[in-house]
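A.B. asks: have a look at this fold, sequence not included:
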């Protein structure tokens, strides 16, 4: 398994518990979580003053529902596909995942930088550092798989063009 696949497997496998036990706390009742997850969530908010988790605006709840209903099932499928390797069918869903995730992170980062709930520049920088991997890694996955998909489609297209020409 290559370095990219290892990164992808680790990314998707670690994102499963993050989605289930942390992110989903803003949309599901507190009674749905073990005490340890609630304590970590409460500690996180008290330390970072994360305005998304702290205030849970409607748009953020919508993004978390997308994460739970669309991304979470994909995490399992993608982790398995990247662990297995040589699964060209995962390319297009990975491009969609990368684009979707990068897009959803933009309003989150804007909220961090412009929300009055974040008390200081230091907190904004800490929060940006926490959220930045959720932009960069999906972007990397999306770009790598887009290039791979494009190269694959280009080579298939040239094979079809070459085989359709008749030589006399």
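C.D. replies: Perfect, thanks for sending it. Remember, it's a predicted structure, so these values are computed and weren't measured experimentally.
A.B. asks: identify the residue nearest the spatially most central residue of the chain in space, chain neighbours excluded?
C.D. replies: The centroid of the chain falls nearest to residue 101 when counting by C-alpha atoms, centre = their mean (4.7 Å). In this structure, residue 101 finds its nearest non-sequential neighbour in residue 138, 3.7 Å apart by C-beta to C-beta, 6 or more residues apart in numbering. For every residue, glycine as well, the C-beta is placed using N, CA and C.
A.B. asks: residues near that neighbour, how many?
C.D. replies: 23 (other C-beta atoms under 10 Å).
A.B. asks: do you know the pLDDT at it?
C.D. replies: pLDDT for residue 138: 98.
A.B. asks: OK, contacts around it?
C.D. replies: The contact partners of residue 138, by C-beta atoms under 8 Å, 6 or more residues apart in numbering, come to 97-98, 101-102.
A.B. asks: with residue 117 instead?
C.D. replies: Counting by C-beta under 8 Å, 6+ apart, residue 117 touches 49, 51, 54-55.
A.B. asks: buried residues of stretch 130-148, list them for me.
C.D. replies: Neighbour counts over stretch 130-148 (16 or more other C-beta atoms under 10 Å) mark 131, 134-135, 137-138, 140-142, 144-146, 148 as buried.
A.B. asks: filter the residues you listed down to the ones in strands?
C.D. replies: Here DSSP state E is the test, and these give no hits in strands at all.
A.B. asks: ok now the longest helix belonging to the chain, how far from the chain's centre?
C.D. replies: Longest helix in the chain by number of residues (criterion: DSSP state H): helix 133-164. In terms of C-alpha atoms, centre = their mean, to the nearest Å, the centre of helix 133-164 is found 19 Å from the chain centre.
A.B. asks: circling back to that earlier point, measure the residue nearest to residue 101 to residue 127 for me?
C.D. replies: Residue 138 sits 18 Å away from residue 127, going by C-beta to C-beta, to the nearest Å.
A.B. asks: sweet, I'm off.
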